[in-house]
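Enquirer: just need the structure, nothing else, for what follows:
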Amino acid sequence: MDVESYLLEYQKPTREGYAKVSSKTLRSNKNGIVFYYKNVLKKKFDPIILPRASRIKIKDILEIDELKKMIKEEKKERNKLMLKVLYGTGLRVAELCNLKKKDINIKKNKGIVWKGKGNKDRRFYFESNLSNDIKSFINNQS
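Expert: Reported below is the predicted structural model:
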């Protein structure tokens, strides 16, 4: 098996539809092989042009019916609201856990996450029906 065939083998998707390695890993492997041939073996090495690896398949998301079933079966109002907020805003679980009342503007249906993924601040928005759920939950907590 030649080097090009070896590297291309890693781009083939597995049964699940994912590439075996990311395009960055593939590029790194290629660069390592080129370095080895040129600097260690002192052999001429023809450049290898690799097509971009196929994007990694996005994981399935919950269908709205599945989410409604989860919310219906949950007994605690807090957990129901958490599911609605996660799905309705796209927040990550850690971001939701660190969210404070002062970070949410119910009147404008928006909020801010401080130091989320990548230590970055970002805004999120939500619909008015979720705003009503958040408002009633906060009022019941007080």
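Enquirer: what sits against residue 133?
Expert: Taking Cβ atoms under 8 Å, 6 or more residues apart in numbering, we find residue 133 in contact with 81, 84. (C-beta placed from N, C-alpha, C; glycine too.)
Enquirer: ok, residues contacting stretch 26-36?
Expert: Outside stretch 26-36, the residues touching it (Cβ under 8 Å, 6+ apart) are 3, 7, 10, 11, 21, 45, 47, 48, 50, 53.
Enquirer: ok, now how distant is the fourth one from residue 76?
Expert: In this structure, residue 11 lies at 46 Å from residue 76, with Cβ to Cβ, to the nearest Å as the measure.
Enquirer: quick one, which of these two is more surrounded?
Expert: Applying other Cβ atoms under 10 Å to residue 11 and residue 76 shows that residue 11 carries more neighbours, namely 16 against 8.
Enquirer: for the more buried one, helix, strand, or coil?
Expert: Counting by DSSP: H, G, I helix; E, B strand; the rest coil, the backbone at residue 11 sits in coil.
Enquirer: got it, and residue 138?
Expert: helix.
Enquirer: burial count for the residue lying closest to it once chain neighbours are set aside?
Expert: Closest residue to residue 138 in three dimensions, ignoring its sequence neighbours and counting by Cβ to Cβ, 6 or more residues apart in numbering: residue 101, at 6.4 Å. Residues lying near residue 101 (other Cβ under 10 Å) number 11.
Enquirer: ok, residue 120 next?
Expert: Neighbour tally, residue 120, other Cβ under 10 Å: 9.
Enquirer: can you check residue 8 too?
Expert: Neighbour count of residue 8, defined by other Cβ under 10 Å: 16.
Enquirer: what packs against the helix or strand of the chain with the lowest mean pLDDT?
Expert: Lowest mean confidence among the helices and strands of the chain (mean pLDDT, DSSP states H and E): helix 3-9, at a mean of 75. Contact partners of helix 3-9 among helices and strands, from 3 or more Cβ pairs under 8 Å, 6 or more residues apart in numbering; DSSP states H and E: helix 23-35.
Enquirer: before we move on, the earlier item: now which of the contacts of stretch 26-36 would you call buried?
Expert: Using 16 or more other Cβ atoms under 10 Å as the burial test, those include 3, 7, 10, 11, 21, 53 as buried.
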